[in-house]
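**Student:** I'd like to go over a predicted model; first the sequence, then the structure.
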Amino acid sequence: MNTGRNMRHACIYARVSTVEQEKEGFSIPAQLKMLRSYAKKHRFNIVHEYVDSETARSTGRTGFNTMLAYMGKHDECSVILVEKTDRLTRNMADYLEIDIEKSGIEIHFVREGKVMSRNSSPSDHFIQDIEIAQAAYLSRNISSEARKGMKAKAEAGLYPSFAPLGYLNTDNESGVKIIIPDPVNTPLVTQMFQIYAEGNTSIKEIASKLYSLGLRTKKGNRVSNSTIHKMLKNPVYRGKFLWNGIEYNGKHESIVTSSLWFTVQDTLGERSVEKPKQYHEFAYTGFMKCGICGCAITAERKKNKYSYYHCTGHKGWHHGEPSVREVKLDMQFSAFLRKLKIEAGIIPLLLEWLEKDTRDERKTPKEARARLASQRKRLQSRSEVLYDDRLDGRITLTRFDLKDAENRRELELIDEKLASLEASALLDPLTRARGILELNQSAGRLFVKAPNAEKKPFLENLLSNCTLESGSIKPELQYPFDMLQDTNKAWMASGAVSSDISAVHSLWHPERNSNSQKN
Ligand SMILES: [Zn+2]
């Protein structure tokens, strides 16, 4: 037996970065599982496993510090296995506590497939430094964490979103969000399936019948035709659910039998489990408004190769606005974002004010949440119009499927962003302030790397509004990025030397400064 003989000793470090994920309880087990299997595969003997969770109150570095102390005393253990960069470190300072040169510690970033050690090349170190500097704070990163959390939730059989009609969201005894049958609406939903399965009632008739029986939306309104149609196709009622186009087995109680559900699908004449069709992804549709008439800017594919953007012209006010190639928009946005970068000299000052500001009033999440809520509402009404268009034969089935898939995807994105907002609202003010600054400083560089599907959500983190006129974008920054720019400009104008905090203060809080100080 040679167990452990030629095996190297390693510590595992797992960390969860938000209260939300800790509560859901998915991230840590998933990380541990991955790290253990990596250790097994690469013949590491796991000496200890350290786990940290950051909550709103504590920064959660206990495990990390214990691990460093242990490794300091045990030379035979010099390897740390960690999922990825932002698990290891919340900021530069933490990273510097591990002096790779001096300590001889070797860190394996398992997901990124990277190893940092004394033998790493200087360029590896450089890349690592950059990645660490921008790690956990970016809202994009937080959003992908939230997405991962929701996927893990789906895999565990838990419906990851707002409860569909007939169910209610609630917390189970261990605080995990689940869905349960809604005592009021559940019998009506079951009845809806039964009536439709008989095959001689149209969707419109079902909608009126259910209204008379008392079925209402969460706000107490009549349930629309399109919602009825979607409900009939929704596998959630037979105990499954779709998430990102994948069907999962739910742990929730089914309220329709499988055989009844499939009878309904036959009656509907289409299989609801089929995957959404492939479609070309436009980066900026539904993002900009025409600078002349205010209509939406839409996109189309030409020669099956180029994406062009132009005003829908629904109001018919103007002609002759040029169509703009998507690459041109890419260039304009990245040029705009690169210019956001703030001079190094003013950063400490801005950080201080940002921190104070996020502490004072949690403005950003509140406004962003309201914006997302209204986007969600708009999307839902758009999908109802779409359905009515289909019912009345104004659009083809292919076009309906395409648009419907687009809407669904957008809705999922909105839900993800709402989840990530909740997560970021729980971060402490300094962490959030750093995140905002990091995002501001690296926006140009990150945007260039973003895949098409990520561009719009990325820009929505920064911009409140954007119009297109004569082929040029006119973006408006949202709070607090607008304030950062104004302050930076004022500071540059003052000769970039002033360290007078009150000058910055008056820019950030003119109304308070004119009066006597609050607090
Ligand atoms: Zn227009």
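**Tutor:** That came through, no problem.

**Student:** Give me the phi and psi for the closest residue to T62 other than its chain neighbours.
**Tutor:** Using Cβ to Cβ, 6 or more residues apart in numbering and skipping the chain neighbours, the partner closest in space to T62 is D52 (6.4 Å). (Glycine included, C-beta is placed from N, CA and C.) Per-residue torsions, D52: phi -130, psi 140 (degrees, to the nearest 10).

**Student:** isn't D52 right next to N65, touching?
**Tutor:** No. Using Cβ atoms under 8 Å, D52 is not in contact with N65; the gap is 9.2 Å.

**Student:** Among those two, which residue is more densely surrounded?
**Tutor:** Taking neighbours as other Cβ atoms under 10 Å, D52 and N65 compare with D52 leading, 23 against 13.

**Student:** And the more buried one, how far from R15?
**Tutor:** Distance of D52 to R15, computed by Cβ to Cβ, to the nearest Å: 4 Å.

**Student:** the helices in the stretch 101-250 of the chain, which residues?
**Tutor:** For the stretch 101-250 of the chain, helices defined by DSSP state H, counting those that start in this stretch occupy the ranges 122-133, 139-155, 186-197, 203-213, 225-233.

**Student:** quick one: the last one to helix 186-197, angle?
**Tutor:** Which is helix 225-233. Angle, helix 225-233 to helix 186-197, by axes from the mean of the first three to the mean of the last three Cα atoms, to 10 degrees: 90 degrees.

**Student:** report the angle between the axes of helix 225-233 and helix 203-213?
**Tutor:** With the same axes, to 10 degrees defining the directions, helix 225-233 sits at 90 degrees from helix 203-213.

**Student:** Contacts for helix 225-233 next, please.
**Tutor:** 164-166, 189, 192-193, 196, 203-204, 206-207, 210, 217, 223, 237, 264-265, 268, 270, 272, 383-384, 386-388, 391 (Cβ atoms under 8 Å, 6 or more residues apart in numbering).

**Student:** how does it look with 6 Å?
**Tutor:** Contact with helix 225-233 is made by Y196, I203, K204, I206, A207, V264, S272, E384, Y387, as judged by Cβ atoms under 6 Å, 6 or more residues apart in numbering.

**Student:** Please tell me the pLDDT value assigned to the last one.
**Tutor:** Confidence per residue is given as pLDDT, and for Y387 that number is 83.

**Student:** Please give me every residue in contact with it.
**Tutor:** For Y387, the contact set (Cβ under 6 Å, 6+ apart) comprises S226.

**Student:** Is it in a helix, a strand, or coil?
**Tutor:** For Y387, the assignment made with DSSP: H, G, I helix; E, B strand; the rest coil gives helix.

**Student:** That one and A373: what is the separation?
**Tutor:** 22 Å.

**Student:** go on, A296?
**Tutor:** 20 Å.

**Student:** For burial, what's the neighbour tally of the closest residue in space to L391 that isn't next to it in sequence?
**Tutor:** Nearest residue to L391, sequence neighbours excluded (Cβ to Cβ, 6+ apart): N225, at 6.3 Å. Applying other Cβ under 10 Å, we find 20 residues neighbouring N225.

**Student:** Since that was my last question, I'll sign off now.
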